[in-house]
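1. Here is a sequence with its predicted model. Questions after.
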Amino acid sequence: MITRRQISDAHSLIAPHLRLTPIIDVSGMSPLPLTLKLEVFQHTGSFKPRGAFNNLLSLDRPSAGVAAASGGNHGAAVAYAAAQLQSKARIFVPLTTPPAKLALIRAEGADIVQKGGNYAEAFDLCRRYVEETGALLVHAYDSALTIAGQGTLALELERQAPDLDTILVAVGGGGLIAGVAAWYSSGLKIVSVEPENCPTLERALSHSGPVDIAPSGVAADSLGASRIGALPFSLAKSYVDRALLVADSDIRRAQAWLWNNLRLIAEPGGATAFAAITSGAYRPGPQERVGIVVCGANTDLASFAEAAGLDALTPAEAFAPSP
């Protein structure tokens with residue numbers, strides 16, 4: 001298990017390389033007291049540099065450099081961390097990785113290998129490369145160092161908003177929710193939120209262990225792991241209170257609300273946890289204080305404009321359950 005001490009030590013190590021991302025209280029814009037943790041303002045547009053820096057600063061970096069498999073955000077984070085620490089990086093991504101995320105990785109000077117139909121296939125290629133070259137593998141989610149790094153988000157949020165009752169977290173491979181669970185443990189209610197087409201944790205919890213899925217849908221580039229990580233699952237089964245699913249249309253609706261009301265750009269995966277509120281999948285109790293991680297902003301403007309639409313949703317319209 002990952003401990004609070006490990007997360008605190010990780011924060012001390014990586015904080016000089018990160019932005020302290022803000023929170024925003026949106027209670028005045030919704031019928032609920034909500035606090036958003038805005039990881040959209042983190043370096044490379046997502047929470048992922050936390051785990052990337054914790055790996056690269058904790059382990060020896062060989063002359064072969066570092067390697068990672070990613071749907072996009074983790075790859076951009078590893079590429080950024082490697083560039084900042086003057087290491088070379090090779091990032092393996094599937095053919096489905098959006099151009100906006102490829103551009104982020106490329107901008108940091110990393111080599112890109114784009115092969116395979118999904119994250120799992122890209123990871124197999126990455127693992128073989130690591131075995132052949134001795135490069136340092138930086139796992140996107142199933143790693144104690146990655147999880148401890150992601151848990152630093154929860155450490156910050158507890159300091160910024162100490163009175164939360166519940167936190168909603170989007171799940172792909174599980175590294176973020178594992179870090180959040182490790183930090184808070186039983187201190188508050190932790191709720192996972194996944195797209196209906198990427199139910200890695202929900203399916204694992206219902207089957208009493210990780211199982212393979214076939215991820216698809218609007219958020220698959222960031223939440224499209226084919227199987228929840230073993231370490232994340234061990235933490236989630238102990239500390240996650242509920243596992244919720246939301247439809248792709250709910251995610252698009254949440255993206256639109258964040259833009260039309262807060263002028264925040266969130267990619268589909270970044271808006272997934274918020275979609276549990278706007279869709280009614282999660283209904284807080286009276287005066288329940290809810291924190292939500294808006295975890296990523298990396299989307300191309302054309303698809304985002306389509307998602308946000310031209311017609312602004314009022315708060316009342318946005319919080320009405322989907323038909």
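-> Structure received.
2. doesn't I24 fall inside a helix?
-> No - I24: not assigned to a helix; according to DSSP: H, G, I helix; E, B strand; the rest coil it is strand.
3. Report the beta-bridge partner residues of it.
-> L36 (DSSP bridges).
4. Please verify my assumption that it contacts N261.
-> No - with contacts counted by CB atoms under 8 Å, I24 stays clear of N261, the gap being 10.8 Å. Every residue, glycine included, has its C-beta placed from N, CA and C.
5. who's more crowded, the two?
-> N261 (16 against 13; other CB atoms under 10 Å).
6. can I assume A266 is in contact with I292?
-> No - A266 is beyond contact range of I292, at 10.8 Å (criterion: CB under 8 Å).
7. Please enumerate the shared neighbours of those two.
-> Both A266 and I292 are in contact with F274, where contact means CB atoms under 8 Å, 6 or more residues apart in numbering.
8. so where do the strands sit in the stretch 151-300 of the chain?
-> Per DSSP state E, counting those that start in this stretch, the stretch 151-300 of the chain carries strands over the ranges 166-170, 189-195, 240-246, 290-294.
9. Equivalent analysis for the stretch 1-150 of the chain, please.
-> So, for the stretch 1-150 of the chain - with DSSP E, counting those that start in this stretch - the strands run 23-25, 34-38, 66-69, 89-93, 111-114, 136-137.
10. Reformat the strands of the stretch 151-300 of the chain as a markdown table; add distance to F304, mean pLDDT and mean neighbour count.
-> Shown next, in a markdown table, are the strands of the stretch 151-300 of the chain (distance: least, CB to CB, whole Å; pLDDT from 0 to 100; neighbours: other CB atoms under 10 Å):
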| stretch | distance to F304 | mean pLDDT | mean neighbour count |
| --- | --- | --- | --- |
| strand 166-170 | 17 | 98 | 27 |
| strand 189-195 | 17 | 98 | 26 |
| strand 240-246 | 18 | 97 | 20 |
| strand 290-294 | 14 | 98 | 27 |
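11. Any stretches of the chain with poor pLDDT?
-> 28-30, 308, 310-323 (pLDDT under 70).
12. rerun that using 50 as the cut-off
-> 310-314, 322-323 (pLDDT under 50).
13. rewinding a little: need the strands of the stretch 151-300 of the chain in a markdown table with distance to R128, can you?
-> Formatted as a markdown table, these follow (distance: least, CB to CB, whole Å):
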| stretch | distance to R128 |
| --- | --- |
| strand 166-170 | 30 |
| strand 189-195 | 29 |
| strand 240-246 | 33 |
| strand 290-294 | 33 |
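14. among the strands of the stretch 1-150 of the chain, which is nearest G51?
-> strand 66-69 (10.1 Å; CB to CB).
15. Partner strands of the closest one, with direction?
-> By DSSP bridges, strand 66-69 pairs with strand 89-93 (parallel), strand 136-137 (parallel).
16. Tell me which of those strands is the most buried.
-> strand 89-93 (a mean of 27; mean count of other CB atoms under 10 Å).
17. Would you convert the strands of the stretch 1-150 of the chain into TSV that also reports distance to L301?
-> Listed next are those as TSV, based on distance: least, CB to CB, whole Å:
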stretch	distance to L301
strand 23-25	22
strand 34-38	19
strand 66-69	26
strand 89-93	20
strand 111-114	21
strand 136-137	33
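18. Quick one, which of those strands gets closest to D241.
-> strand 34-38 (17.6 Å).
19. That closest one to strand 290-294, inter-axis angle?
-> Using axes from the mean of the first three to the mean of the last three CA atoms, to 10 degrees, the direction of strand 34-38 lies 30 degrees away from that of strand 290-294.
20. Alright, I will stop here.
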